[in-house]
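Asks: predicted model and sequence follow; I will ask about them next.
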Amino acid sequence: MNNHLSPYMQFSRKEWASLRNAEPMTLTPGELVSLQGINEDLSMDEVSEIYLPLSRLLNFYISNSFSRQAVLSKFLGKSQKIPYIIGIAGSVAVGKSTTARVLQALLTRWPEHRKVALVTTDGFLYPNKCLEERGIMNKKGFPQSYNLKKLINFVADIKSGQAEVKAPVYSHLVYDIVENEEIVIDSPDILILEGLNVLQGAVNYTQAHNRVFVSDYVDFSIYVDADLSLLHQWYVNRFLKFRAGAFSDPNSYFKHYSKLPEQEAINIANRLWRDINELNLVENILPTRERASLILTKGEDHKVDYVQLRK
């Protein structure tokens, strides 16, 4: 454990793994393949040593939250079901989506058999047409590129216990919001909300008229962290894998990249990282790290080196 002045307790990988407390593994190697991202090889060791202890901790927090809800319901004289919201933040290419999918799978398999929904904040980006009209296509993923009011209304509806809350759908293939398509979130016990901006607040949205932000509705937040040099490397590697796969789809927004020589593609990926993604990370995402309930810090090969848990 670390500096007593830190708001976090720090655990080595070995220390954190011991907190699994012999809970059985509920995922199979085959299932892990469908959960991992394009740029990650998710191992059973990573799940058993990092994510299983984390799901055990979350299950305790969630059970305690629902117990408090029962007390409040008794006091108010009316039954209510308020979903528990878990926020997952971090840089592009750090593996937020994989973390979200693994936690969703694990949390549904505890004996309580809770209903776990997963939503990404990408769906609340403004459509490309709107971004182009505003001249901010090169700021996609920055705070000003999100329809904050729509996102806040969505999270507020979830947190009020409203049934069948709808969320827009974002396609990474066409790099845009899918028109006339929505997903319906129907009374989950737990909502995992994953995105660049789930921990951001007033300092990131200086033009916002309201003083309420997504982070105000999150019960437990996770920041997935890594050194900038690793994130840069992972972003370029992911870009090249997309170039060889998804970018070659004729419907892909980035199909023109698939025909470029590899070195030219690497140069473009480096530029996109430097001018957009690293800039957004340093200015808007990284400063929110210390707001998280828990920080997963990754090293080489996307393996978590240590975990910090807020005291």
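Replies: Ah, there it is.
Asks: between the two ends of stretch 17-25, how far is it?
Replies: End-to-end distance for stretch 17-25, by CA to CA, to the nearest Å: 13 Å.
Asks: and for stretch 74-86?
Replies: Span of stretch 74-86 from end to end, CA to CA: 25 Å.
Asks: buried residues in it, which are they?
Replies: For stretch 74-86, burial by neighbour count (16 or more other CB atoms under 10 Å) applies to Ile82, Pro83, Tyr84, Ile85, Ile86. Backbone N, C-alpha and C define where each C-beta goes, glycine included.
Asks: in helices, which of these fall?
Replies: Taking DSSP state H, every one of the buried residues of stretch 74-86 sits outside helices.
Asks: helices along the stretch 201-311 of the chain, start to end?
Replies: In the stretch 201-311 of the chain, the helices defined using DSSP state H, counting those that start in this stretch lie at 228-244, 262-272, 278-280.
Asks: check the stretch 1-150 of the chain too.
Replies: 13-18, 29-35, 44-46, 52-76, 96-107, 128-134, 148-159.
Asks: list the contacts of the residue nearest to Gln69 when sequence neighbours are not counted.
Replies: Distances taken as CB to CB, 6 or more residues apart in numbering place Ile82 nearest to Gln69, at 5.8 Å, with adjacent residues excluded. Ile82 makes contact with Gln69, Lys159, Ser160, Gly161, according to CB atoms under 8 Å, 6 or more residues apart in numbering.
Asks: Glu31 contacts Leu106, correct?
Replies: No: contact criterion CB atoms under 8 Å: Glu31 and Leu106 do not qualify, at 10.5 Å.
Asks: these two: which is more packed in?
Replies: A count of neighbours by other CB atoms under 10 Å puts Leu106 above the other of Glu31 and Leu106, at 23 against 12.
Asks: in this structure the more buried one contacts Pro53, no?
Replies: No: if you go by CB under 8 Å, Leu106 and Pro53 don't touch, sitting 10.3 Å apart.
Asks: quick check, Leu118 in contact with Ile190.
Replies: No: using CB under 8 Å, Leu118 is not in contact with Ile190, being 9.3 Å away.
Asks: which of these two has more residues huddled nearby?
Replies: Ile190 (23 against 20).
Asks: what are the phi and psi angles of the more buried one?
Replies: Phi and psi for Ile190, reported as degrees, to the nearest 10, are phi -130, psi 140.
Asks: that one against Ala100, yeah?
Replies: No: Ile190 is beyond contact range of Ala100, at 11.5 Å (criterion: CB under 8 Å).
Asks: closest one to Val218 among the helices of the stretch 201-311 of the chain?
Replies: Among the helices of the stretch 201-311 of the chain, the nearest to Val218 by CB to CB is helix 278-280 (20.1 Å).
Asks: show me how far the closest one is from its chain's centre.
Replies: Its chain's C-alpha centre and that of helix 278-280 lie 17 Å apart, by CA atoms, centre = their mean, to the nearest Å.
Asks: now do stretch 97-108
Replies: The answer for stretch 97-108 is 10 Å, by CA atoms, centre = their mean.
Asks: just the CA atoms of that stretch, as CSV, please.
Replies: The C-alpha trace of stretch 97-108 is given here as CSV (Å, rounded to 0.1, in the frame of the first residue of the first chain):
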residue,chain,number,x,y,z
SER,A,97,-14.7,-1.4,-24.6
THR,A,98,-13.1,-4.7,-23.7
THR,A,99,-13.2,-3.8,-20.0
ALA,A,100,-16.9,-3.0,-20.4
ARG,A,101,-17.8,-6.2,-22.2
VAL,A,102,-15.9,-8.4,-19.7
LEU,A,103,-17.5,-6.7,-16.7
GLN,A,104,-20.9,-7.0,-18.3
ALA,A,105,-20.4,-10.8,-18.8
LEU,A,106,-19.1,-11.4,-15.3
LEU,A,107,-21.7,-9.3,-13.5
THR,A,108,-24.6,-11.1,-15.2
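Asks: partner strands of the lengthiest strand in the chain, with direction?
Replies: Longest strand of the chain, by residue count under DSSP state E: strand 176-185. With DSSP bridges as the test, strand 176-185 is paired with strand 165-171 (antiparallel).
Asks: in the stretch 201-311 of the chain, which spans are strands?
Replies: 220-225, 294-298, 304-310 (DSSP state E, counting those that start in this stretch).
Asks: winner for burial among the ones you listed?
Replies: With neighbours defined as mean count of other CB atoms under 10 Å, the strands of the stretch 201-311 of the chain peak in mean count at strand 220-225, which reaches a mean of 24.
Asks: show me what that one is packed against.
Replies: Applying 3 or more CB pairs under 8 Å, 6 or more residues apart in numbering; DSSP states H and E, we find strand 220-225 packed against helix 52-76, strand 84-90, helix 96-107, strand 294-298.
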